[in-house]
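*Asks:* A predicted structure for the sequence below; I have some questions about it.
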Amino acid sequence: MGRMSNPAPSPRSLAEALRARDDASLGALLRARPDLITPVPTDLTQLATRAGTRASVVRALERLDRFALQTAEALAVAGDPASYEELRGLMAGDADDPTVAGALPRALGTLREQALVWGEDDRLRLVRTARELLAPSPQHPSPTGLGPSVQEATAGMSPGRIQEIVGAAGLPSTHDSVSAVTALTALFTDRKRMTALLAGLPEDSLDVLRRLVWGPPYGQVTADPAPRLRRLLDLGLLLPTAPGTVVLPREVALHLRDGLAHRATEPLPPGVEPVATHRPQVVDATAAGQAYTAVATVEELLKDWDEGGPAVLRAGGLSVRDLKRTAVALDVPEPVAAFWVELAYAAGLIASDGEADERYAATPAYDEWLEQSAADRWAQLAEAWLPATRTPGLIAGRDNKDRTLSALGPGLDRSAAPEVRHRVLTLLAGLPEGTSPAAESVLARLRWERPQRREEDLRSRLAEWTLSEAELLGVTGRGALSGHGRALLGLPARQAPAAPAEDPKGPGDKLPVHHVTPVPEPLTPTEQAVATAAAARLLAPLLPEPLDHVLLQADLTAVAPGPLQRPLADVLDVLADVESKGGATVYRFTPGSVRRALDAGRSASDLHAFLTSHSRTPVPQPLAYLIDDVARKHGHLRVGAASSYVRCDDDAVLNEILADKRATGLGLRRLAPTVLAAQADPTALLDGLRQMGFAPAAESAEGDVLIARAHAHRTPPRTPPEPVPDGPPVPDTTLLSAAIRAVRAGDLASTAPRKESPSRPAGELPRTSSAETLATMQAAVLTNEALWIGYVNAEGSASQRVIAPIRVEGGFVTAYDHTADEVKTYPLHRITGVAELADD
């Protein structure tokens, strides 16, 4: 909707303007401002009233881009109503900037579409609430920097003083203040006469005007102003607003500004500047490598919490100490560890277990997630990340009550996060393939698109976090959107004729994108599921195949040259300790790690066979000796419950334990040559003996060796956290059609002409007796006339309807309901009254 030229009479109100719209135009309004149909208004008059409420107007203004907002600000300082030419003059200035003039119809169309402006081009009106919000006042200066008009500034001035100003300006005196103010306004808005008036001022007086021209327009004066100020006050170029305070009238400022309402009018968005271009294959490969790392990191996190993770703080969340420990375990900085923890929580893989001593643990969904392919596991993480409102970047900051925000704790939801995340990624998608942007240019673009947001700094930080999180997750590679990242957004793959050469310094011949492009709407859950599956299919061929072998080395290490198959990785995690990660993972075999495998039920022969079958190199002799040596000692000592005891067939070993000073805290005493009793419990006794260098094994009451296997701890089934919506959701097509139909039908019922009754005040629902209602209905069936009825539904909600009765019987009336546009049956006892429509 740009400039409209409808020969029909100009609407007298916003409701009339809405009534003249077609369904497509109403649908665009309700899509842009979904709060207007929450709940669905009864008619177009109520819709117009709701569209003018302060909360709704503020929300609509916050969603305007900078140029559309500047257009609204210009209308707020223009006449009411204003003509299109007046608005164009305020926006494009006396020079009539062609770029501004060309972009103005689009901005005005946006304001009209969102019901912030109504009326024809010769009578443009900004809705009253928007004018109150954007018009200049001493308490709320206008973003334009303009002050009040001459008429507003002289409202409290004495008639004599106004006549003095008119005389000093060289104008003939008038009989009243209104005509005097009109004459003064005409002088200040006449470019030729105003130029001549200013030409007669001394330079120091002009300097005062120049300091106020772009705002703020208010200044302080003493009781005896200097000559340069006295001259300006005499001519009305400065007007007093309060004792000691003067203001530059709006008309004077506009003349000095060459007619411009804003110092810098921004009709076009700033371009997203490219800084580097890479071959698409390089971008996709880099992103795929990071995607695999993301999956592996989340898996490692959950494996670390498999037997029960950190305790839940009393106020909810993870303690600083536990976050640090998690960061060390994952070998990443704490902010990155917080991101992985929150991502696993958003994906429904971890939650609190709800026990008395509440702890975080993996959910049953984690076991299902582990069974999927690496590409599908990544897709589930990415799909959870896109709409998440929990914001890991806020962790370690402070909330409004100066409390520290903790990972997995309350207070991390920011409803703007999904919108900013989606917009940043779509801006990346709009760049040439393989191009990474300058972060500051992305932030500048977002600031242009949403300049009125109350949390602008938060939006900038959300955008920065999106860029870094997308790289961590593998949605982007080297700063550019990957192929599977485009698919995740539901965008079609680009068909590039040829990949550009690698240019780490940036493509000098690329021009930034300045044009205004329509922002694609976020996908519905069904569409997102399809897009996620497509992204997983694109990613799968790029991920490395899991290996079934390692390389054993003589220094008691094993090198995994890539990701390992799950059974191999699980056994190796028990048999060895991870020494380093990267492109290849290095495992180290130690006596403790081998004993851990033996405790888990493996025998020495099992370990030899496992290493032989999964190593591309021969098993080194030092490793074989280590396994045999630990196995020979393993289980030689047996620990059971007395409180606890130690038994050994070799009494010399027991003598050695008793003689060791480190055994003092265990409270050992000899019961028999081969048995020692202890005051410590079996677990503490096992740990103490192992610290002394022995390899004891736990045994059951029957004397059998207990196999120590890790017991996975799972929470009850949990649902992932729900994102916090940023206002009412955008209605789908079905809801939108139903809402428009209901509003139009209600409007028809409320505006249908009807015969006036002296017993019924105008506008009230009809009230008739049951007998009169029945008689009127039966008469309408015979005459095929339409009636206006009041109706109360089963929930007690009253409404008005226009119906054409077809049949009346059994206490029900069957009629064509013009309000619902269908044939319906109504119980007569729910009809509060009936009235005939006017003949016209």
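*Replies:* Structure received. Numbers count the residues shown, from 1 in each chain.
*Asks:* now residue 263: which helix or strand?
*Replies:* Under the criterion of DSSP states H and E, residue 263 resides outside all helices and strands.
*Asks:* pretty sure it sits against residue 145.
*Replies:* Yes: Residue 263 is within contact range of residue 145, at 6.9 Å (criterion: Cβ atoms under 8 Å). Yep, even glycine has a C-beta here, placed from its N, CA and C like the rest.
*Asks:* these two: who's more crowded?
*Replies:* Counted by other Cβ atoms under 10 Å, residue 263 and residue 145 do not tie: residue 145 has more neighbours, with 20 against 11.
*Asks:* give me the nearest residue to the more buried one, chain neighbours excluded.
*Replies:* Among residues not flanking residue 145 along the chain, residue 215 sits closest, at 2.3 Å (Cβ to Cβ, 6 or more residues apart in numbering).
*Asks:* separation between that neighbour and residue 312?
*Replies:* Going from residue 215 to residue 312 by Cβ to Cβ, to the nearest Å gives 52 Å.
*Asks:* neighbour count: the two, which is higher?
*Replies:* More crowded of residue 215 and residue 312, by other Cβ under 10 Å: residue 312, with 22 against 17.
*Asks:* do I have it right that the more buried one meets residue 351?
*Replies:* No: using Cβ under 8 Å as the test, residue 312 is too far from residue 351 to be in contact (9.9 Å).
*Asks:* now do the shared contacts for the two.
*Replies:* residue 360 (Cβ atoms under 8 Å, 6 or more residues apart in numbering).
*Asks:* rewinding a little: helix or strand: which one has the residue nearest to residue 145?
*Replies:* Counting by DSSP H and E, residue 215 is part of no helix or strand.
*Asks:* pull the longest strand from this structure.
*Replies:* For the chain, the longest strand by residue count, based on DSSP state E, is strand 798-809.
*Asks:* pLDDT of that one, averaged?
*Replies:* The pLDDT scores in strand 798-809 average 84.
*Asks:* check which helices and strands that strand is in contact with.
*Replies:* helix 733-751, helix 770-783, strand 787-792, strand 812-817, strand 822-827 (3 or more Cβ pairs under 8 Å, 6 or more residues apart in numbering; DSSP states H and E).
*Asks:* quick one: those as JSON lines, columns for distance to residue 551 and mean neighbour count too.
*Replies:* As requested, the helices and strands packed on strand 798-809 are arranged in JSON lines below (distance: least, Cβ to Cβ, whole Å; neighbours: other Cβ atoms under 10 Å):
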{"stretch": "helix 733-751", "distance to residue 551": "59", "mean neighbour count": "17"}
{"stretch": "helix 770-783", "distance to residue 551": "92", "mean neighbour count": "15"}
{"stretch": "strand 787-792", "distance to residue 551": "82", "mean neighbour count": "22"}
{"stretch": "strand 812-817", "distance to residue 551": "80", "mean neighbour count": "19"}
{"stretch": "strand 822-827", "distance to residue 551": "76", "mean neighbour count": "13"}
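*Asks:* these: which one's closest to residue 437?
*Replies:* helix 733-751 (33.6 Å; Cβ to Cβ).
*Asks:* touching the closest one from outside, list them.
*Replies:* With Cβ under 8 Å, 6+ apart, helix 733-751 has contacts from 19, 23, 26-27, 30-31, 37, 40-45, 47, 731, 788, 799-802, 817-821.
*Asks:* equivalent analysis for stretch 604-623, please.
*Replies:* By Cβ under 8 Å, 6+ apart, the surrounding residues in contact with stretch 604-623 are 548-556, 558, 568, 571, 575, 589, 594, 597-598, 602, 624, 627-628, 631.
*Asks:* if we use 6 Å, what do you get?
*Replies:* 549, 550, 551, 552, 554, 556, 568, 589, 627, 628, 631 (Cβ atoms under 6 Å, 6 or more residues apart in numbering).
*Asks:* distance from the longest strand of the chain to the middle of the chain?
*Replies:* Centroid displacement of strand 798-809 relative to its chain, using Cα atoms, centre = their mean, to the nearest Å, is 46 Å.
*Asks:* just the C-alpha atoms of it, please, in PDB.
*Replies:* Taking Å, rounded to 0.1, in the frame of the first residue of the first chain, the C-alpha atoms of strand 798-809 are listed here in PDB:
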ATOM      1  CA  ALA A 798     -23.900 -11.500  24.800                       C
ATOM      2  CA  SER A 799     -23.700 -10.600  21.100                       C
ATOM      3  CA  GLN A 800     -25.800  -9.100  18.400                       C
ATOM      4  CA  ARG A 801     -26.600 -10.800  15.100                       C
ATOM      5  CA  VAL A 802     -28.500 -10.200  11.900                       C
ATOM      6  CA  ILE A 803     -30.600 -13.200  10.900                       C
ATOM      7  CA  ALA A 804     -33.100 -14.200   8.200                       C
ATOM      8  CA  PRO A 805     -35.500 -16.700   9.900                       C
ATOM      9  CA  ILE A 806     -36.400 -19.800   7.800                       C
ATOM     10  CA  ARG A 807     -38.300 -21.900  10.300                       C
ATOM     11  CA  VAL A 808     -39.600 -21.600  13.800                       C
ATOM     12  CA  GLU A 809     -40.600 -24.800  15.700                       C
END
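*Asks:* for residue 523, grab the count of nearby residues.
*Replies:* 18.
*Asks:* tell me how far the nearest residue to it once chain neighbours are set aside lies from residue 535.
*Replies:* Closest residue to residue 523 apart from its sequence neighbours, by Cβ to Cβ, 6+ apart: residue 490 at 4.9 Å. According to Cβ to Cβ, residue 490 and residue 535 sit 9 Å apart.
*Asks:* by mean pLDDT, flag the weakest helix or strand of this protein.
*Replies:* strand 638-640 (a mean of 62; mean pLDDT, DSSP states H and E).
*Asks:* right, and the helix or strand after that strand?
*Replies:* Going down the chain from strand 638-640, the next helix or strand is strand 644-647, by DSSP H and E.
*Asks:* distance between that following strand and the chain's centre?
*Replies:* The answer for strand 644-647 is 61 Å, by Cα atoms, centre = their mean.
*Asks:* tally of neighbours for residue 673?
*Replies:* So residue 673, with other Cβ under 10 Å, has 10 neighbours.
*Asks:* next: residue 657.
*Replies:* 20.
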